[in-house]
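1. Structure, please.
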Amino acid sequence: MVIALSQIFWEAGMSKALIQRQADIEDAGNAAFWINVGMGLLVAGAIYLVAGTVANTFFHDPRVVLVLRVMTIQVLLGAVSAVHTALLQKEMKFNRLFWVRFPPWVCQA
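-> Prediction:
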């Protein structure tokens, strides 16, 4: 729940804007990538720092602190891969996108 909510902040609609963009895709992709990485670092850092408070306030379980801190890795990986995923969607390379998303999905299950 916390990680999904954080995606709103680090993604900030950059991928959607990149998919709709018609010109200067490379420049826009570079800008979107670095904005996503910067926001991902900020959000991951914030989650790491407030993990104790979130665990105690919402979940009433101190074990959640470690889980939230480890899940910040997912925030960072999502921020780094968001632009590349958007470019695959823009180019309609859904077969390639499937194989990129499939292994992490199998690991979650």
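2. in this structure, which spans are helices?
-> Along the chain, the stretches classed as helices by DSSP state H are 2-11, 14-20, 25-54, 64-90, 94-108.
3. Would you reformat these as TSV and include mean pLDDT?
-> What follows is these, written out as TSV (pLDDT from 0 to 100):
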stretch	mean pLDDT
helix 2-11	76
helix 14-20	81
helix 25-54	90
helix 64-90	88
helix 94-108	76
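4. could I get the ones you listed as a markdown table with mean neighbour count?
-> To be clear about C-beta, it is placed using only N, CA and C from the backbone, and glycine gets the same treatment. Output for these, formatted as a markdown table (neighbours: other Cβ atoms under 10 Å):
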| stretch | mean neighbour count |
| --- | --- |
| helix 2-11 | 16 |
| helix 14-20 | 16 |
| helix 25-54 | 16 |
| helix 64-90 | 17 |
| helix 94-108 | 10 |
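5. How about the contacts made by the residue nearest the centre of the chain?
-> Taking Cα atoms, centre = their mean, the centroid of the chain lies closest to Gly78, which sits 2.9 Å from it. Each residue near Gly78 by Cβ atoms under 8 Å, 6 or more residues apart in numbering is listed here: 7, 10-11, 40.
6. try 7 Å this time
-> For Gly78, the contact set (Cβ atoms under 7 Å, 6 or more residues apart in numbering) comprises 7, 40.
7. do the one 4 residues further on as well
-> For Ala82, the contacting residues are 11, 14-15, 36, by Cβ under 7 Å, 6+ apart.
8. can you rerun that using 6 Å?
-> Taking Cβ atoms under 6 Å, 6 or more residues apart in numbering, we find Ala82 in contact with 11, 15, 36.
9. Apart from its chain neighbours, what residue comes closest to the second one?
-> Computed as Cβ to Cβ, 6 or more residues apart in numbering, the closest residue to Ser15 that is not its neighbour in sequence is Ala86, at 3.7 Å.
10. Touching, the one you found and Met14? I think so.
-> No - using Cβ atoms under 6 Å, Ala86 is not in contact with Met14, being 7.7 Å away.
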